[in-house]
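J.: Any chance you could fold what I've pasted below:
(chains A and B)
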Amino acid sequence: MATAGAAGSSGRTYSFKVVLLGEGCVGKTSLVLRYCENKFNDKHITTLQASFLTKKLNITGKRVNLAIWDTAGQERFHALGPIYYRDSNGAILVYDVTDEDSFQKVKNWVKELRKMLGNEICLCIVGNKIDLDKDRNVSVEDAESYAESVGAKHYHTSAKLNKGIEELFLDLCKRMMETAQAEERAKGNGASQSASSRRGVQIVDDEPQATPAGGCCSTG
Amino acid sequence: MAPSLMWEGASRARTETPICTSCHTLLAKLLAKQELQMTLLKQAVGIYIHHGIHDLIFNIVGTYETSQDASFNKITRSLQELQQNDLGVKPEFSINLSRAKRELSQLNQQTSPLLKMLCLRRVLLTATQTPRRTMNIEAVSADDLLSVVLYLLVKTEIPNWMANMSYMRNFSFSNSSKNELSYCLSTFEAAVEYINLGKLQNTCSVTGELSDKALFKERMSLLTQNMATPIYCLFEHIANGNEAKVEHLLSEGEGDEDVRMCHPLCSCDLCDGHLSGRLHDLSIVTPFSRDDRGYSPLHAAAICGQAQLIDLLVNKGASVNATDYHALTPLHLACQRGFQGVSNTHALNAVSISSLEPGS
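T.: Here you go, the predicted model:
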């Protein structure tokens, strides 16, 4: 929390904001609840935690604070997207593998995000509910080739069976860290840092940073 | 500006001179360990300073946002009749809403952006908490949250939402843009934006009109035995906003008048009979016709929010000073219902002051 503003520019703690986008009832909430609380359809969860969740990770010795923002998925709220996804480092676009429409919605979101936030944002396209594979209406090849064409990664998950979710978030974190580090390096090369996005005091560590190797461990 | 420039200078100096590096690293390590304390300290200082200058700053922000606030309030006033289900509020939350409203009404007593945001967070928590174990509220999604906030925004009478929003957005110095508080703020922002976009007005004018019409029909059926009386037909056309039909019905009456009279000012028994008969004859409608509650067509148009019909009726000679049996003029009724479009028409505002005073 102390690293306000630009994410992870202290080099020690990264804080990333990830937005969840997708039509209603594709399982956004289940997905993120499963990840953060390891709960599925638990009735005793109180409130706000379901729409705003945090997760602390440790990846190759770097601390990462992940803030996951649920967004309003109903069609009538579509125009409010920018309020939710501004300043976000990553986006998880969820569709239901049994619902072709929800995949079309994902395509619309991708276009919008690329237009509004450019290439800095890491996109993940997620086909949820693979436990219902027999009713699948979106073909794996289509989804994966589309994801590749827009520079996103594609994942298959099932919140019900707890499949693929850890991998999804871990991959996303690593990609966001790479993006943040690339940004940092670019900033370091420049003569002056942009002060506009900074609020308050920032302590910049001068120790050279090791780029993340392959191995990593996630805690918590 | 000055402090940020100073830090800018300091950081540049640090990268250039290696002497400073070691002590800086030490400080960084120390600070990293004390991250939490540092955050708390920053927040405390922020609250302290903001409290001192709150009146000054908030007044300025309020002045900047006056016009925005006015238009926002105009919209929310016209939405007063919206009910929870119109907004898509889940029934599980309705039990919490009055407490949430109370929490939200505290907003203007908070004296710093952080306190205001904490207030918003309390509101959301109150609105969505489970009061008893028996009541199951499943995981609350952003959609649920947004509809609850929409309801609260419409129903809580805070006159300076835009000023509050802008104050929280621009003057919160120690708050990260990625934590829970800013999520709360974004949710409220989204709701304000949604109302400003006028999306609710559409649902309101549809559902509101429909419910009004239904109510109208219900009342009419209670009071009038014969559902097909011309005045009822006229009122129904007015409720539907059917301008052509209204004009047609009213001009039918006019046409008859000329034919039957000896001359326009004639007062012979026959013509008098015609005239008085016309006033009591239910088969003919004029702009002066009344129903069982004393409503004139103008009253009906005012109740249904049909601004475009007001001018038509007034041109046809309807009296803006006409009062119903509760001594209410059309202007009263329009204001009661919050139909600004109606109450702002020039024609209605020509009403004489004396007829606005009840009992006169």
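
J.: ranges for the strands of chain A?
T.: A:13-21, A:52-59, A:62-70, A:90-96, A:122-128, A:153-156 (DSSP state E).

J.: Report the buried residues of the second one.
T.: Put plainly, it is strand A:52-59. Across strand A:52-59, burial judged by 16 or more other C-beta atoms under 10 Å in any protein chain shown covers A:52-53, A:55, A:57, A:59. All C-beta spots, glycine's among them, are computed from the backbone N, C-alpha and C.

J.: Show me which helix or strand of chain A is least confident by mean pLDDT.
T.: helix A:28-37 (a mean of 82; mean pLDDT, DSSP states H and E).

J.: hmm, it in reach of chain B?
T.: Yes - counting by C-beta under 8 Å from any C-beta of the partner chain, chain B is contacted by helix A:28-37 at A:28-30, A:33.

J.: Now the buried members of those.
T.: Using 16+ other C-beta under 10 Å, the buried ones in those are A:28-30, A:33.

J.: any weak-confidence spans in chain A?
T.: Residues of chain A meeting the criterion pLDDT under 70: A:1-12, A:39-49, A:190-220.

J.: gap between the least confident helix or strand of chain A and the chain center?
T.: 13 Å (C-alpha atoms, centre = their mean, to the nearest Å).

J.: and the angle from that helix to strand A:90-96?
T.: 130 degrees (axes from the mean of the first three to the mean of the last three C-alpha atoms, to 10 degrees).

J.: and the strands of chain A as JSON lines, adding distance to B:Asn108?
T.: Putting the strands of chain A into JSON lines (distance: least, C-beta to C-beta, whole Å) gives the following:
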{"stretch": "strand A:13-21", "distance to B:Asn108": "29"}
{"stretch": "strand A:52-59", "distance to B:Asn108": "25"}
{"stretch": "strand A:62-70", "distance to B:Asn108": "27"}
{"stretch": "strand A:90-96", "distance to B:Asn108": "36"}
{"stretch": "strand A:122-128", "distance to B:Asn108": "40"}
{"stretch": "strand A:153-156", "distance to B:Asn108": "46"}
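
J.: can you redo those as CSV with distance to chain B?
T.: Listed next are these as CSV, based on distance: least, C-beta to the nearest C-beta, whole Å:
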stretch, distance to chain B
strand A:13-21, 4
strand A:52-59, 4
strand A:62-70, 4
strand A:90-96, 12
strand A:122-128, 14
strand A:153-156, 21
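
J.: Outline the domain layout of chain B.
T.: B:48-196, B:212-354 (automatic domain parsing).

J.: Can you show me the helices along the stretch 101-250 of chain B?
T.: Per DSSP state H, counting those that start in this stretch, the stretch 101-250 of chain B carries helices over the ranges B:113-128, B:142-155, B:161-171, B:180-196, B:199-223, B:230-240, B:243-260.

J.: and if you look at chain A?
T.: A:28-37, A:81-85, A:100-117, A:140-149, A:165-189 (DSSP state H).

J.: how distant is the third one from the center of its chain?
T.: What it means is helix A:100-117. Centroid separation for helix A:100-117 versus its chain: 15 Å, with C-alpha atoms, centre = their mean.

J.: now what about it, what contacts it?
T.: Applying C-beta atoms under 8 Å, 6 or more residues apart in numbering or on different chains, the external contacts of helix A:100-117 come out as A:21-23, A:26, A:81-82, A:85-86, A:88, A:91, A:93-96, A:121, A:123, A:125, A:127, A:137-138, A:143, A:146, A:150, A:152.

J.: For A:His156, find the nearest of the helices of the stretch 101-250 of chain B.
T.: A:His156 lies closest, by C-beta to C-beta, to one member of these: helix B:142-155, at 23.9 Å.

J.: what packs against the closest one?
T.: Counting by 3 or more C-beta pairs under 8 Å, 6 or more residues apart in numbering or on different chains; DSSP states H and E, the packing neighbours recorded for helix B:142-155 are helix B:84-87, helix B:94-104, helix B:113-128, helix B:180-196.

J.: coming back round to it: quick check: the farthest pair among the buried residues of strand A:52-59?
T.: A:Phe52 and A:Ile59 (21.7 Å).

J.: residue contacts, A:Glu75?
T.: Taking C-beta under 8 Å, 6+ apart, one finds A:Glu23 in contact with A:Glu75.
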